[in-house]
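Colleague: any chance you could fold what I've pasted below:
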Amino acid sequence: MDHALACAASLVPCHEVVEGTLLNSLLPIKQGLKMFIIEDKGGAIAIMCASLLFLGTWPAVLTLLERRGRLPQHTYLDYSITNLLAAVLIALTFGQLGEPKHNMPNFFTQLSQDNLPSVLFAMAGGVVLSIGNLSTQYAWAYVGLSVTEVISSSMVVVIGTTLNYFLDDRINRAEILFTGVACFLVAVILGSLVHASNAADNEKKLSESTNSYKLGKDGGTETGKQVIDKDAPKDMENGASADYATKAEAGTAEYLIELEERRSIKVFGSSTYIGLGIVFFSGICFSLFSPAINLATNDQWHTLKDGVPHLVVYTAFFYFSISCFVVGIGLNILFLYHPRAGVPKSSFKAYLNDWEGRQWALLAGFLCGFGNGFQFMGGQAAGYAAADAVQALPLVSTFWGILLFGEYRKSSKKTYTLLALMLLMFIAAVATLMASSGHRSTK
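Modeller: Numbering: from 1, shown residues only. As a prediction, this is how the structure comes out:
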């Protein structure tokens, strides 16, 4: 009440009274605290491990919803909201609480500084990430969760890590770093072979199927007279009653056809190369977002005026997420009315009324947002080239793909052999990238 009277009676503008009151209330919290910045290799590795877990899990959550028939446009609109919210929370906590360090202003201070070139680099990174994420959402349906993640992540390491190594003034050990890059390149080739082999296995299963399930003439499916009871209890993966879900065992032709009936993106009759083409396009997009953040936070091209501090990683991540949000929302509203890949047409009103699985889409946005933020925090400390080790996320995604979705169930020995070689090569690549970690001075 006293503050309100002071605001009314004083010649000082009201916003200054309120702002002063707010800052005074936060002063006891900030006293004795310093802005949270990771400065040691151990802390960087720990936060990158958390990033690995989050970034490997959110694709599985979105794949779960697509396989249950939720439209990808609806899912991605929900995901975009919490993805941005995660960046806001990181900026307002890690980036604002505590006294600023030398040449590291707090979040609110940086919003008014003349740092437009760095802001544009951060926002460019958000644009390519958003397009890449949107592409993978369709690629998962064509080639499966694990192969999509392995190929796109391996491309990030081959292209993005090389760019980051030179941008970071070679603080990482080159002989170890590029050994890991070579392993990732081999993983890309093996990932393509795994997909081709698994696709051949599925084609064989479908051609040998002799029961009432059969492929339709238009590439769709016909399932006889079985009907899903909409009021029956739903299981997590299938979105159907448990009794119906168990009629087809994972890895069988019947399972593949039931999955095609449920899912929102229809892939039967599509070329294998369409899926791989989408994956490689998303990999190129993903390869560019980390170097863009690197340029935003370290200004290697000297685009800032003399005396202007570099963007702190939290501020850069905020701008990064703003552009990611705008592009994601804009494209998916467009796709509501002009869908792609055989997805049904929808509307914004239908999206608002679609609460089926919304909590999972919101969770995926939080996981991706915090995962990206933690990756950038680790990269700022140990070098963004080494931080690309979080691209081990296919190890997590493959686990979820096998556990939740029955990927590679009842496949051939050739497919299993290629899958094992791919994962072993991937583990070796991640280990060498971690071993190449350097140290970026914050002084």
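Colleague: isn't S321 right up against L84?
Modeller: Yes: if you go by Cβ atoms under 8 Å, S321 and L84 touch, sitting 5.1 Å apart. For every residue, glycine as well, the C-beta is placed using N, CA and C.
Colleague: give me the common contacts of the two.
Modeller: Common contacts of S321 and L84 (Cβ atoms under 8 Å, 6 or more residues apart in numbering): G369.
Colleague: those two: who's more crowded?
Modeller: The neighbour count for S321 versus L84, taken as other Cβ atoms under 10 Å, is higher for S321 (29 against 21).
Colleague: mind telling me which residue is nearest the centre of this protein?
Modeller: By Cα atoms, centre = their mean, the mean C-alpha position of the chain lies nearest to C368, the distance being 4.8 Å.
Colleague: phi first, then psi, for it.
Modeller: phi -70, psi -40 (degrees, to the nearest 10).
Colleague: what about A250, which SS state?
Modeller: When classified by DSSP: H, G, I helix; E, B strand; the rest coil, A250 comes out as coil.
Colleague: please renumber so the chain begins at 681
Modeller: Got it, first residue is 681 now, which makes that one A930.
Colleague: for it, give its distance to T842.
Modeller: Look at A930 and T842: by Cβ to Cβ, to the nearest Å, they are 39 Å apart.
Colleague: got it, and E888?
Modeller: 45 Å.
Colleague: which one of those two has more residues nearby?
Modeller: Comparing E888 with T842 by other Cβ under 10 Å, the one with more neighbours is T842, at 17 against 8.
Colleague: what is the mean pLDDT for stretch 984-1000?
Modeller: What stretch 984-1000 shows for mean pLDDT is 95.
Colleague: report the distance from that stretch to the chain centre.
Modeller: The chain centroid and the centroid of stretch 984-1000 are separated by 23 Å under Cα atoms, centre = their mean, to the nearest Å.
Colleague: ramachandran angles for D848?
Modeller: phi -80, psi 10.
Colleague: and the pLDDT at it?
Modeller: pLDDT at D848 comes out at 87.
Colleague: how close does the closest residue to it other than its chain neighbours sit to S1003?
Modeller: Closest residue in space to D848, ignoring its immediate chain neighbours: G1063 at 4.8 Å, by Cβ to Cβ, 6 or more residues apart in numbering. Look at G1063 and S1003: by Cβ to Cβ, they are 24 Å apart.
Colleague: neighbour-wise, which of those two wins?
Modeller: Neighbour totals were compared for G1063 and S1003, and G1063 leads with 29 against 20 (other Cβ under 10 Å).
Colleague: do I have it right that that one meets A1069?
Modeller: No: the pair G1063 and A1069 does not pass the contact test of Cβ under 8 Å, sitting 10.3 Å apart.
Colleague: quick one: contacts for the closest residue to A1115 other than its chain neighbours?
Modeller: Closest residue to A1115 apart from its sequence neighbours, by Cβ to Cβ, 6+ apart: I856 at 5.1 Å. By Cβ under 8 Å, 6+ apart, the contact set of I856 is T1112, L1113, A1115, S1116.
Colleague: for the closest residue to D1068 other than its chain neighbours, what are its contacts?
Modeller: Closest residue to D1068 apart from its sequence neighbours, by Cβ to Cβ, 6+ apart: T841 at 4.5 Å. By Cβ under 8 Å, 6+ apart, the contact set of T841 is L857, G860, V861, A1065, D1068, L1113.
Colleague: any idea how far T841 lies from P739?
Modeller: With Cβ to Cβ as the criterion, T841 and P739 are 20 Å apart.
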